[in-house]
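# I need the structure of the sequence given here:
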Amino acid sequence: MLVPARNEARSLPHLVQVLRAELADAGILVVDDASTDTTRQLLSELGVEWLTLCEHTGVGGAIRAGLRYALAQGYDAVVRVDGDGQHPADQIEQVLAPIRDGHADAVVGSRYRQPSGYRAPGWRRVAQRALAAWVSAAIGQRITDPTSGFWAFGPRALRLLAFHHPTGYPEPELLLLLAHNGLRVSEVAIEMRQRLAGRSSLTAARVGAIAGRTALALLILPLRRTVPDGDD
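Residues are numbered from 1 along each chain as shown. So this is what the prediction gives:
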């Protein structure tokens, strides 16, 4: 389990407790993205593996660091859940299932694949739908939740993303990168909970930045070479 965390001290203890209750044998790695609250001081008390970054890199940078660690430790599958507790631990197995069945190299959990009780603010939902339309057209596959942070990565995705995972707020670019390199991506329906504490970092300005980066990636990625398995 990979948990990128930025100022999530109020959420992490409960999140780790829930993950351990649901998946007792799973390794848990928390990557602290240079938090300014007490997250760093808390890590040694949680009974998990952890990394701390000296500079704030954004969630994508934290994930890349965590995936490199997982690859070095010999893991062949990694599930990413956010540190705010929104991703239910009891749905991790269904996100992993397409990888275990050999049907996908990476899986994203979608809040919108099926009707659910989750509701995003109106402006955010409009932006998500626009991003979904762009990404779906670009990769030739229907994507309903291009900003979801609930992911599972199999061996091929792990080898690629440990060195090439997009930085910043990366999810739409991640979908484009995986497709460009010929990896199979599946989307499965999940339920999402409200945050345990704090507020979302996905502001209107950051959604605009994500849209701009995605548009740039749509132009640049077709010009880039693909990355062979294991290329670092």
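# can we go C-alpha only for contacts and neighbour counts from here?
Will do.
# quick one, what contacts Leu67?
When contacts are counted by C-alpha atoms under 8 Å, 6 or more residues apart in numbering, Leu67 touches 2, 78, 158, 161-162.
# tell me which element it is part of?
Leu67 is part of helix 59-72, with elements assigned from DSSP states H and E.
# buried residues in that helix?
Applying a neighbour-count criterion of 16 or more other C-alpha atoms under 10 Å, one finds 59-71 buried in helix 59-72.
# Grab the most central residue of the protein for me.
Central residue check for the chain by C-alpha atoms, centre = their mean: the C-alpha nearest the mean position is that of Gly149, 3.7 Å away.
# my read: it touches Glu171, true?
Yes - with contacts counted by C-alpha atoms under 8 Å, Gly149 reaches Glu171, the gap being 7.1 Å.
# related to what we said a few turns ago, mind checking pLDDT for the residue nearest to the centre of the chain?
Turning to Gly149, the model gives it a pLDDT of 93.
# Equivalent analysis for Thr203, please.
Per-residue confidence (pLDDT) for Thr203: 59.
# who's in contact with Arg184?
Arg184 makes contact with 103-106, 178 under the criterion C-alpha under 8 Å, 6+ apart.
# Mind checking which of the residues you listed are in strands?
Assigned to strands by DSSP state E, the following of the contacts of Arg184 qualify: Ala106.
# For the contacts of Arg184, pick the one with the most neighbours.
Note: the member of the contacts of Arg184 with the most neighbours is Ala106, at 27 neighbours, neighbours being other C-alpha atoms under 10 Å.
# Skipping its backbone neighbours, what lies nearest that residue in space?
When the adjacent residues along the chain are set aside, Ala106 lies closest to Phe153, with 4.5 Å between them (C-alpha to C-alpha, 6 or more residues apart in numbering).
# close enough to count as contact, the one you found and Leu71?
No - with the criterion set as C-alpha under 8 Å, Phe153 and Leu71 do not qualify as a contacting pair; they are 11.3 Å apart.
# Just name the shakiest helix or strand of this protein by mean pLDDT.
With mean pLDDT, DSSP states H and E as the measure, the helix or strand of the chain carrying the lowest mean pLDDT is helix 204-220 (a mean of 65).
# about what we covered before: can you name the next helix or strand after the helix holding Leu67?
Along the chain past helix 59-72, the next helix or strand (assigned with DSSP H and E) turns out to be strand 78-80.
# So which other helices or strands are in contact with that next one?
When contacts are defined as 3 or more C-alpha pairs under 8 Å, 6 or more residues apart in numbering; DSSP states H and E, strand 78-80 packs onto strand 2-5, strand 151-153.
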